[in-house]
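1. kindly generate the corresponding structure for this input.
(one chain, ligands or ions: 1)
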Amino acid sequence: MADYDVVIIGGGISGLAALHYIRTRRPELSVRLFEADGRLGGTVGTDHCNGYSLDWGPNGFLDREPLTLQLVDEIALSAQLERANANVSNRFILRLGKLRAVPMKPQKFLTSDILSLPGKLRVLGEPFAAKAPEGVDESIYDFGKRRIGREAADYLIQPMVSGVYGGVASRMSLRACFPMMYQMESQYGSLFKAMLAKMKEAKRNGKKSGGPSGPAGWLTSFKGGLSRITDELGSRYASDIALNRPVLTVQKNDSGFQVRFTDSSTVDTRDLILAVPSNHAAMVTGELSSELSKTLAAIPYAPIAVVCFGYDASRIRTNLDGFGFLVPSKEGKGILGSIWTSSIFADRAPQGKVQFRTMVGGDGDHESAKLSDGDLIARVTRDLDSIVGLNGEPELVKIYRWEYGIPQYHIGHLDRMQVIERELAAIKGLHLTGNAYYGISLNDCVKQSFKVVGNLTI
Ligand SMILES: Cc1cc2nc3c(=O)[nH]c(=O)nc-3n(C[C@H](O)[C@H](O)[C@H](O)COP(=O)(O)OP(=O)(O)OC[C@H]3O[C@@H](n4cnc5c(N)ncnc54)[C@H](O)[C@@H]3O)c2cc1C
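-> Below you'll find the model as predicted:
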């Protein structure tokens, strides 16, 4: 007889969402979540310092995933939702050392200075681009270069990939990272044609096709910071959660699984949900399947340092009217980009102050995320000063380092997922959720956890 029907390992958003779905959809089951750390949330966290609210990792989610909004509603947090400032729609890309606004409407593209004239004309030739090579897991960069040209791939596609994944576009699999784009090309033969068709459809259905976060949804968080969601889930289900309980390994036994902790204590469970990063899942599954463990361990991660600066607004020489900017690797700067957090969510800085969240590192620059605090601060100050103009030192600095920040869906990721799925199918009752498999966003994590709970064997 097992101690629990279900054990969840990991108390980030994925594990907490799985716990919520079990408690609300399968209340008859006994469940326990074990978290290694002394706190819940994983990469989701918010600090409150001198009137600033500083998100450790993610700073929001797009409101396009109904499951996330439903979860928020079910835990009575809808009234706390905070949408990105509707008046702020600009986003910038650095080109030749200057910030250029990304044209948010097709008619603004021709007059924008984001690309050279030949670069823009090449983009307009998109419907006539060469077909996708058959049987090839194409990189995002090659896809971009083929469809809209090299300059746009360097100045639009690469920064988008580093903004979302901290990734290098030439290493990332289009099908794994942006399956929608892959499908759009497959179905319509052209991204322009696909977008036109989608706009027509949205118009027919009386829907608007975008918000200030782009066509894919509206950036949304909570009053006071993103950790509201993990804090609420944690307190709601506190009696089902054990903190400071790092799992060392898992073995199969008659009732299902025996989970062994680092202090050698054990619990037995019938189903087991691993809601930990894939490198941790690799460590705990070594005794269940060496093939599974090896394949999980092979999923690469990009390290990221999030450097938050608080400044008096009067000390910034640029009007921070926008979401922030991304830096193409061609520009040779030491940062990936910077989010103007207080322009997006006004309550993230006191009145008259501003907050920058600047990302350093990523898959193309593993060493930089490891720089000392002093070196990181010097680098971010130098680059922000050259781009937006800073007078003096920040009044607040906070650095959050993520050694295993964001999983990278390199070329071959979907083959790897096939191996993982095959191995999982052979171990009844074992489930994986989290951001390492089918999408890295919070929305993806929630969706994945919902699915996993639907697949429990009991
Ligand atoms: C800098 C940064 C910015 C991001 N920005 C965004 C954004 O704006 N929007 C967005 O949607 N997404 C963003 N993401 C991605 C998003 O944060 C993650 O996908 C998501 O938070 C992952 O949640 P998770 O629960 O799967 O994993 P995690 O948050 O990593 O949680 C895993 C948990 O498992 C625990 N654990 C690990 N090993 C063990 C063990 N052996 N035993 C017990 N417990 C264990 C860990 O302590 C941790 O608490 C960002 C990520 C980073 C790093």
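2. so which bits of the stretch 1-150 of the chain are right by the ligand?
-> Within the stretch 1-150 of the chain, the positions near the ligand by Cβ under 6 Å from any ligand atom are 9-15, 34-37, 42-44, 57-61. Quick note: C-beta positions are derived from backbone N, CA and C, even for glycine.
3. which residues of the stretch 251-400 of the chain lie near the ligand?
-> 275-277, 280, 284, 304, 306.
4. wait, which of these is closest to W218?
-> Comparing those against W218 with Cβ to Cβ places V306 closest, at 22.2 Å.
5. secondary structure class for the closest one?
-> With DSSP: H, G, I helix; E, B strand; the rest coil as the basis, V306 sits in strand.
6. who does the residue of the stretch 101-250 of the chain at minimum distance from the ligand bridge with?
-> Nearest residue of the stretch 101-250 of the chain to the ligand (Cβ to the nearest ligand atom) works out as V247 at 3.8 Å. Note on V247: beta-bridge partners F261, judged by DSSP bridges.
7. my read is that it contacts F34, right?
-> Yes: in this structure V247 lies within contact range of F34 using Cβ atoms under 8 Å: 6.0 Å.
8. overlap in contacts of the two?
-> In terms of Cβ atoms under 8 Å, 6 or more residues apart in numbering, V247 and F34 are both contacted by the residues 9, 259, 261.
9. highest neighbour count among the residues of the stretch 251-400 of the chain next to the ligand?
-> Within these, neighbour counts (other Cβ atoms under 10 Å) peak at A275, which reaches 30 neighbours.
10. got a list of what that residue touches?
-> 8-12, 14-15, 18, 433-434, 449.
11. and if you look at R147?
-> 126, 129, 185, 191.
12. so which of the residues of the stretch 1-150 of the chain next to the ligand are in strands?
-> Counting by DSSP state E, the part of these found in strands is 9, 34, 61.
13. which residues in the stretch 151-300 of the chain form strands?
-> Ranges of strands in the stretch 151-300 of the chain, per DSSP state E, counting those that start in this stretch, are 219-222, 241-242, 247-253, 256-261, 266-274.
14. direction included, what does the shortest one pair up with?
-> Spelled out, that is strand 241-242. Here, using DSSP bridges, strand 241-242 pairs with strand 31-34 (parallel).
15. what comes up buried for stretch 95-114?
-> The neighbour-count check on stretch 95-114 (16 or more other Cβ atoms under 10 Å) flags 95, 99-103, 114 as buried.
16. number of residues surrounding K330?
-> 14.
17. go on, R315?
-> For R315, the count of nearby residues is 15 (other Cβ under 10 Å).
18. equivalent analysis for I148, please.
-> I148, neighbours per other Cβ under 10 Å, totals 23.
19. for it, which non-adjacent residue is spatially closest?
-> V123 (4.6 Å; Cβ to Cβ, 6 or more residues apart in numbering).
20. with I344 instead?
-> A84 (4.9 Å).
21. cool, and Y404?
-> Y301 (4.1 Å).
22. and that neighbour, what does it touch?
-> 277, 279, 403-408.
23. and the shared contacts of V247 and F34 as JSON lines, adding pLDDT, neighbour count and distance to G206?
-> Below are the shared contacts of V247 and F34 laid out as JSON lines (pLDDT from 0 to 100; neighbours: other Cβ atoms under 10 Å; distance: Cβ to Cβ, whole Å):
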{"residue": "I9", "pLDDT": "98", "neighbour count": "24", "distance to G206": "45"}
{"residue": "V259", "pLDDT": "98", "neighbour count": "24", "distance to G206": "51"}
{"residue": "F261", "pLDDT": "98", "neighbour count": "17", "distance to G206": "54"}
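24. state the pLDDT value of K200.
-> Here, the pLDDT recorded for K200 equals 86.
25. what about D55, how many neighbours?
-> There are 25 residues near D55, going by other Cβ under 10 Å.
26. please enumerate the helices of the stretch 351-458 of the chain.
-> 373-387, 413-425, 442-454 (DSSP state H, counting those that start in this stretch).
27. from Y404, how far out is G234?
-> Distance, G234 to Y404, by Cβ to Cβ, to the nearest Å: 22 Å.
28. who has more neighbours, the two?
-> G234 (20 against 17).
29. and the more buried one, what is it in contact with?
-> Counted by Cβ under 8 Å, 6+ apart, G234 has contacts 11, 16, 40-41, 241.
30. dump the residues you listed into JSON lines; add pLDDT as well.
-> Putting these into JSON lines (pLDDT from 0 to 100) gives the following:
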{"residue": "G11", "pLDDT": "98"}
{"residue": "L16", "pLDDT": "98"}
{"residue": "L40", "pLDDT": "98"}
{"residue": "G41", "pLDDT": "98"}
{"residue": "I241", "pLDDT": "98"}
